[in-house]
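Q: Predicted structure and sequence below. I'll ask about it afterward.
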Amino acid sequence: MPCSFITKYLISTFSHVYSFFIPFVIPLLGWVGVIYTMVMAGLLNKRIVAKLQHMGIKSVGFSGVDGAILLAKRKKHIVVVDERGRKRLIPGGYTGKIVEVNSKLMELLLEKGFTLVVSPLALGEEGELLNVDGDHAASKIAIGLKADILLFLTDVEGVFIDGKLVERISVDESRELLSKIGVGMNRKVMHAIEAVKNGVEQAIIGLGLGSNPIQKILERSIKATHIVRG
C-alpha cells in the first residue's frame with residue numbers, strides 16, 4: 001500500500017471524521033491508525049471488489065479481523081532501516097505478527113465461487129486492530145487454505161541478484177541466496193519460502209503491471225521467479 005495514498009487520505013479526511021468516533025476509537029488506534037484502517041479495510045478493499053465485480057468476477061472483501069481470520073500478537077518493537085542504511089529499533093505501535101489463521105470462513109466463500117479480497121489487518125490478543133505485513137498475511141492464508149500456488153505481484157519481474165533475474169529458487173538453496181537479495185524483496189522471498197515449506201506447491205514473484213499479468217505469469221509467457229521445493 002503506497003504511503004502517499006494513505007497520507008493524502010489522512011489529510012483530506014481528518015476534518016470529516018465524526019465526533020462520536022473520537023472517545024472510543026482514537027485512544028485505541030491514534031489518528032493514523034484510524035485512517036489506515038479506513039483505507040485498507042474500507043476504501044481500497046471496496047475499490048478492488050468493485051473492479052472485480054465490474055469484470056464479472058463474483059467477489060467479496062473483508063479484513064483479517066472479520067471472522068477472526070487473522071490473529072496476531074502485537075509487536076513491542078520493530079526494526080527499520082534509516083536513510084543511511086542503519087538498522088534502528090522503534091516502538092511497534094499497532095503492528096502485529098500473525099500467529100494463527102482461521103480459514104473456515106474463507107473456505108465456505110471459496111466453495112460458493114467467490115474471489116476473496118483480504119486486507120492485512122488482524123485481531124490482537126486484547127481485541128485491538130493490528131496492521132500486519134501483507135506478504136506475511138498472503139503466505140499464512142495460502143498455507144491455511146492449502147493453496148497450490150502463492151503469487152506475489154510486484155513492480156519488477158522477480159528476484160534480481162547482481163542485476164540478473166533469478167527464475168528459480170529452491171528452498172534448499174534459499175538460505176545462501178537471501179543475503180544477496182535486496183532489503184524488501186528478501187522478506188518477500190522469506191514469506192514465499194515459508195509457504196512452500198508448509199505445503200504450498202510453489203510461490204511465484206512476478207511483475208504485476210501490464211495486461212493480464214496473472215495469466216501470463218502462470219502460463220510462463222513472461223518471466224518471473226519461481227520458489228519451489230528441493
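A: Yep, it's here. Numbering: from 1, shown residues only.
Q: Which other helices and strands does the helix or strand in which residue 108 is found contact?
A: Of the helices and strands defined by DSSP states H and E, residue 108 is found in helix 104-111. Using 3 or more Cβ pairs under 8 Å, 6 or more residues apart in numbering; DSSP states H and E as the contact criterion, the neighbours of helix 104-111 among helices and strands are strand 115-119. To be clear about C-beta, it is placed using only N, CA and C from the backbone, and glycine gets the same treatment.
Q: and the angle for the strand it packs on with helix 104-111?
A: 150 degrees (axes from the mean of the first three to the mean of the last three Cα atoms, to 10 degrees).
Q: what does the average pLDDT come to for strand 115-119?
A: On average, the pLDDT along strand 115-119 is 94.
Q: ok, residue 174 - contacts?
A: Under the criterion of Cβ atoms under 8 Å, 6 or more residues apart in numbering, the contact list for residue 174 reads 189, 193, 227.
Q: Doesn't it belong to a strand?
A: No. Under the criterion used here (DSSP: H, G, I helix; E, B strand; the rest coil), residue 174 is helix, not part of a strand.
Q: quick one: it and residue 145, what's the gap?
A: Distance of residue 174 to residue 145, computed by Cβ to Cβ, to the nearest Å: 23 Å.
Q: Likewise for residue 110?
A: As judged by Cβ to Cβ, residue 110 and residue 145 stand 7 Å apart.
Q: Also residue 103?
A: Between residue 103 and residue 145 the distance is 5 Å, computed by Cβ to Cβ.
Q: same question, residue 66
A: Distance, residue 66 to residue 145, using Cβ to Cβ: 16 Å.
Q: In this structure, what helix or strand scores lowest on average pLDDT?
A: helix 3-13 (a mean of 45; mean pLDDT, DSSP states H and E).
Q: Name the nearest residue to the spatially most central residue of the chain, ignoring sequence neighbours.
A: Within the chain, the residue whose C-alpha comes closest to the C-alpha centroid is residue 134; the distance, by Cα atoms, centre = their mean, is 1.5 Å. Using Cβ to Cβ, 6 or more residues apart in numbering and skipping residues adjacent in sequence, the residue nearest residue 134 is residue 120, 4.3 Å away.
Q: Give the ranges of residues in this protein that sit below the confidence cut-off.
A: Low-confidence regions of the chain, defined here as pLDDT under 70, cover residues 1-33, 77-78, 80, 82, 90-93.
Q: where do the helices sit along it?
A: In order along the chain, the chain carries the following helices (DSSP state H): 3-13, 22-37, 44-54, 104-111, 134-144, 171-178, 185-197, 213-218.
Q: Tell me which of the ones you listed sits nearest to residue 60.
A: Across those, residue 60 has its closest neighbour in helix 104-111 (6.0 Å, Cβ to Cβ).
Q: how far out from the middle of the chain is the closest one?
A: Helix 104-111 sits 19 Å away from the centroid of its parent chain (Cα atoms, centre = their mean, to the nearest Å).
Q: Tell me which residues are up against it.
A: Residues beyond helix 104-111 that count as contacts (Cβ under 8 Å, 6+ apart) turn out to be 60, 66-67, 69, 116, 118, 141, 144-145.
Q: Compare the contacts of residue 174 and tell me which is most surrounded.
A: Using other Cβ atoms under 10 Å as the neighbour criterion, residue 227 leads the contacts of residue 174 with 28 neighbours.
Q: shouldn't that one be in contact with residue 204?
A: Yes. Counting by Cβ atoms under 8 Å, a contact exists between residue 227 and residue 204, whose distance comes to 7.3 Å.
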